[in-house]
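Q: sequence-free structure coming up:
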């Protein structure tokens, strides 16, 4: 398809008489856009590593290792948008919500993004319990980056969640059998 658009351009280019003026314009556009992309990359990667979405704390790594050892391939794990995309690649487990955009990690990503957002921020305990049961979720993972959220400690009070791992800001809950 790209070549089909290039053929008319070549015909047009042959008819241009003042190519000397167009060369600097084309070069400026190409170089300028690349400089912009390089600047964006610099901004994305030149931040405090612990604030980067690519950074994994040692505590997170240990918690995920625990989850890998103590869960099975049939378990479904719920986490947030920070950790969910990492879990399948790091420990080979299924997540309910893998990625906010359409990838093989998540079927119906728009719907699941909204459901997970509601679970974390808006749903009642009854709706949360039904959500966990209906989606056969067996574990709930909160990593060190979740430690600063205002509801981080309120999850401990939920009767349908049983804390099975708690260390250095990482919490893993097993969904109580009564829910399933």
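A: Yes, it's here. This structure is a prediction, so every number in the text was calculated from the model and none was measured.
Q: pull the contacting residues for the nearest residue to residue 91 once chain neighbours are set aside.
A: With CB to CB, 6 or more residues apart in numbering as the criterion, residue 91 has its nearest non-adjacent residue at 3.8 Å, and that residue is residue 68. Placement of C-beta: from N, CA and C, glycine included. The contact partners of residue 68, by CB atoms under 8 Å, 6 or more residues apart in numbering, come to 90, 91, 92, 93.
Q: now these in CSV, with secondary structure, pLDDT and neighbour count?
A: Formatted as CSV, the contacts of residue 68 follow (DSSP: H, G, I helix; E, B strand; the rest coil; pLDDT from 0 to 100; neighbours: other CB atoms under 10 Å):
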residue, secondary structure, pLDDT, neighbour count
90, helix, 90, 16
91, helix, 91, 16
92, coil, 89, 10
93, coil, 90, 21
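Q: what about the strands in this protein?
A: Counting by DSSP state E, the chain has strands at residues 76-78, 94-95, 139-142, 161-167, 170-175.
Q: the fourth one pairs with which strands?
A: Just to be clear, that refers to strand 161-167. Sheet pairing of strand 161-167 (DSSP bridges) gives strand 170-175 (antiparallel).
Q: so what's the gap between the partner strand and the chain middle?
A: Distance of strand 170-175 from the chain centroid (CA atoms, centre = their mean, to the nearest Å) equals 19 Å.
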